[in-house]
Structures are given as structure tokens and as C-alpha cells.
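below: sequence and its predicted model.
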Amino acid sequence: MRPPKEVKVESTQELLEHFSQRLMQSYEETYSLFRILRLLACAPDPMQQIRLVCNNVQQVLPFGWVAAVFRSDSHVVPELRGRVVLCGSSGEAQDFEAALHRACDALRGNEWTKVLVPGKHELATLTGSEVVCDPITFDEHVVGLLVAGSKTTENGEIASPEMQFLDAVAEFIGTFHENAARFFEQRAMSLGTIEALTAAIDAKDPYTRGHSERVAALSKQIALAYGLDEAEAERIRTAGVVHDVGKIGVPERVLCKPGKLTDEEFAIIKTHPEIGHRILKGVVLLEHTLPGVLHHHERFDGRGYPHRLAGEQIPLQARIIGIADTFDAMSSSRSYRPAMPREKVLAEIVRCAGSQFDPKVVEAFQRIDLAQYDRLMARQAAAESTQVRAAA
């Protein structure tokens, strides 16, 4: 039998070792929370931010999987609405995601239980482990759910510090969602203002009505065909919406002239990219559209305007919008000529590859399906016809 002193020493060593491990774990958790805050502040889009957060939680806590699920209602920002992010493995993904959505939709504020137990709750039964859940809230509404399960430690039971950590992360995501919602509202207001300006331009010249919307839709299709991701393609679509906003500063006598423009009148028309650039320069949420607005009339051979840029000196955004703009101009009836046949328009785009247009962007344009453009054109024509009949 060992002396009491040796037993006491061993007990003290075990206590110190346990304390040391817990101290290290607390340090890692605290550091991870700071890292999560930085990620939420820096990543470029909401889905990527939530994915990075879930990945970091899984790295610091002993869970087999971590997930975030968001409701589909109007309280959730569009980028996250109805979306699920999963890091790790939870078994059958389809059944699991459906169960996640049901658990999220069933949340009722203070009635929510933090730990779900197999045999009593669907998520826990499906994954065969205890599951810890934290609601993500915004404006006193539950917008989503942060969930973790399949704990990898020996007993698999969820400890209080782990629940506290997840609770803090859920709070961070809720704050992030609030900021994202405010940003979305500001962006919608800015776009609404710009679309009103675009409508004002369309009203000045009935022959270009709907032009900006069609150019925007075409630009996004070309961007995706070129290989850009959805987020960048959407930014280019927005630039397409506002590319002609500078025409608000062009006199109607020039903008709507039925015949050929004089050199002086064409010089006035050529000022619209710089006018548009000045209009949008102070709108923070639309700063990403400035290259497309300013340079969509540059030519690949350097003979365009306003700055006679050439080749890849022209921002890609502008090279894409330039093709969409020209295609729609040739495909639409104008005061001085009827719409050109589709075959002739396509042949002209190909012919101008390397002179007016970037050949690589022309190749991307040739891969898009123009059925979407034709549907948009038909819808706009039907709406305009209805307005004319109503006015009569």
C-alpha cells in the first residue's frame, strides 16, 4: 500500500494536469471566438462567412459535425434564406437537412431546449448522439439555428463550456445577420434610386426602353459563361443596370434625335460614361459598378472612348457590358433604323472580335442561351403594349 503522501502528490499532479488542459482549451476557445469575429467582418459573402464560422467551431470543439440552418421567411436576408451550411459528416445529408429545417421552424423562443437527446428528438435520433442547439435571432425573431453533434470524446456527453461557446457563436452570427440585413436594405434603396434614374432615361427615349435591364441580364449570363462566380456575375449585372445612367445628363434633343448625329452631337453623347461615373462615385454600395459605367464604350483595339484604353487595360466588367450593350442596341428598333435580324447581329459580334471586342469575351457570349433574353424582350414589349392601351 502506497503512503498517503504519494497518493496526495499523484492526485495533485492529476489536478494540475486537468487544470492545464482546461486552461489550454479555454485559451483555444477564446482565440477561436476572436478569429470568428474577424471572419465575420472580412469574408466577401454571407454564405462563405457562415461556412468559415462553422468550420472554425468544428476545429476547436470535439464535434463530428457543426451546422447552421436558416429559415425561409422574410426576416432572413436573401443570401441566407432557406440555406444550410454543414461542416463534418452527419450521415444521410438529405434526411439530415430536412430534419434541420423542421427543428429550425419549430423554434419558439424561450421554449427551446439546448440539448437534444436520442429517442426524444428527431435530430439526435437521426445522428445517434446528443445534439446541442442554439437559436440565431434578429429583431426578436428566430432566423436560424446553430447545431453541433456526434461529440468525439469518450462519453459523448456535451459539457457546459461547449454550450457556452456555441451560444456565443450564435450571438455573433445573429449580430452579423443584423449587419447583413442593414446592408441589404441600404443596397436595395440605392438600387431602387438608380433604377428610378434608369426608368427616367427610358422615359426620355422610348426606343431604348428596357435597354438597361436587358443589358444587365445579358452581362450576367456572359460573366457566368466566361467562368466568373455567381457573386462577381451579380456585381456585373448591377453594373449593367446602371451603365447608361449618365444619359440623364444628355439633352433630349440629342438623345432622341431621329436622324444621324452631327459630330458635335455625338461628342455630347460620348460624355455619358463620365457623367454616369460622377453620379455614382459617391454611392458607396455601387462603387464596384464604376469600371463598367466609365469604360463600356472602350474598344479592344484602343479606338473607343472616353480614355482610349486597349486590350486588358479595359476592365473585364466593361468588356462584358460592352458586348451586351452592342448586342441589344443592334437587336432593338431605334428611331433611325429597325432592329437587325438575329443572324446578322451575331455575325457582326463575331466579326468585331479582336477589334471592338475582347475575343475571349466573344467566345463566352457565343456559349450563352439567348432564350432568356428573348423572353425578357417579349415581356417588356407586352407590358409596354398594355400601358399604351391603358393610356388610350
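Thanks, I have the structure now.

so for the longest strand that the chain contains, mean pLDDT?
Counting residues, the longest strand in the chain under DSSP state E turns out to be strand 141-151. The average pLDDT for strand 141-151 rounds to 89.

and it, what does it pack against?
The elements that strand 141-151 packs onto, with contact taken as 3 or more Cβ pairs under 8 Å, 6 or more residues apart in numbering; DSSP states H and E, are strand 63-70, helix 93-105, helix 122-127, strand 131-138, helix 160-204. For the C-beta atoms, the positions are set from N, CA and C on the backbone; glycine is no exception.

tell me how far that strand is from the chain's mean position?
23 Å (Cα atoms, centre = their mean, to the nearest Å).

now the angle from that strand to helix 160-204?
Here strand 141-151 runs at an angle of 140 degrees relative to helix 160-204 (axes from the mean of the first three to the mean of the last three Cα atoms, to 10 degrees).

buried residues in strand 141-151?
Buried residues in strand 141-151, defined by neighbour count with 16 or more other Cβ atoms under 10 Å: 142-151.

how many neighbours does C87 have?
By other Cβ atoms under 10 Å, 22 other residues sit near C87.

am I right that it is in a strand?
Yes - C87: assigned to a strand according to DSSP: H, G, I helix; E, B strand; the rest coil.

just checking, it touches V60?
No - if you go by Cβ atoms under 8 Å, C87 and V60 don't touch, sitting 11.9 Å apart.

dead centre of this structure: give me the residue that sits there.
A231 (4.7 Å; Cα atoms, centre = their mean).

what sits up against the helix or strand hosting that one?
Per DSSP states H and E: A231 is located in helix 230-242. Helix 230-242 is touched from outside by 44-45, 191, 194-195, 197-198, 212-213, 215-220, 223-224, 228, 276, 280, 286, 288-289, 291-293, 317, 320-321, 324, with contacts defined as Cβ atoms under 8 Å, 6 or more residues apart in numbering.

narrow those to those that are buried.
191, 194, 197-198, 212-213, 215-220, 223-224, 228, 276, 280, 286, 289, 291-293, 317, 320-321, 324.

narrow those residues to those in helices?
191, 194, 197-198, 212-213, 215-220, 223-224, 276, 280, 291-293, 317, 320-321, 324 (DSSP state H).

circling back: so which of the helices and strands packed on strand 141-151 is nearest V362?
helix 160-204 (26.2 Å; Cβ to Cβ).

next, give phi and psi for C352.
Dihedral pair for C352: phi -90, psi 0, per degrees, to the nearest 10.

check contacts around it.
By Cβ under 8 Å, 6+ apart, the neighbours of C352 are 326, 362.

nearest to A364, of the buried residues of strand 141-151?
For the buried residues of strand 141-151, the nearest to A364 is G144 (36.4 Å; Cβ to Cβ).

domain ranges for this protein?
Residue ranges for the domains of the chain, per automatic domain parsing: 4-181, 193-391.

tell me which of those domains lies nearest to R187.
Nearest of those (Cβ to Cβ): domain 193-391, 4.9 Å.

what mean pLDDT does the closest one have?
In this model, domain 193-391 has a mean pLDDT of 89.

chain center to that domain: distance?
So, by Cα atoms, centre = their mean, the centroid of domain 193-391 is 22 Å from its chain's centroid.

and the gap between the nearest residue to H296 once chain neighbours are set aside and S331?
Counting by Cβ to Cβ, 6 or more residues apart in numbering, H296 lies nearest to I321, which is 4.4 Å off, once chain neighbours are set aside. Here the criterion is Cβ to Cβ, to the nearest Å. By it, I321 lies 15 Å from S331.

try E230
26 Å.

comparing these two, which shows the higher neighbour count?
A count of neighbours by other Cβ under 10 Å puts S331 above the other of E230 and S331, at 20 against 12.
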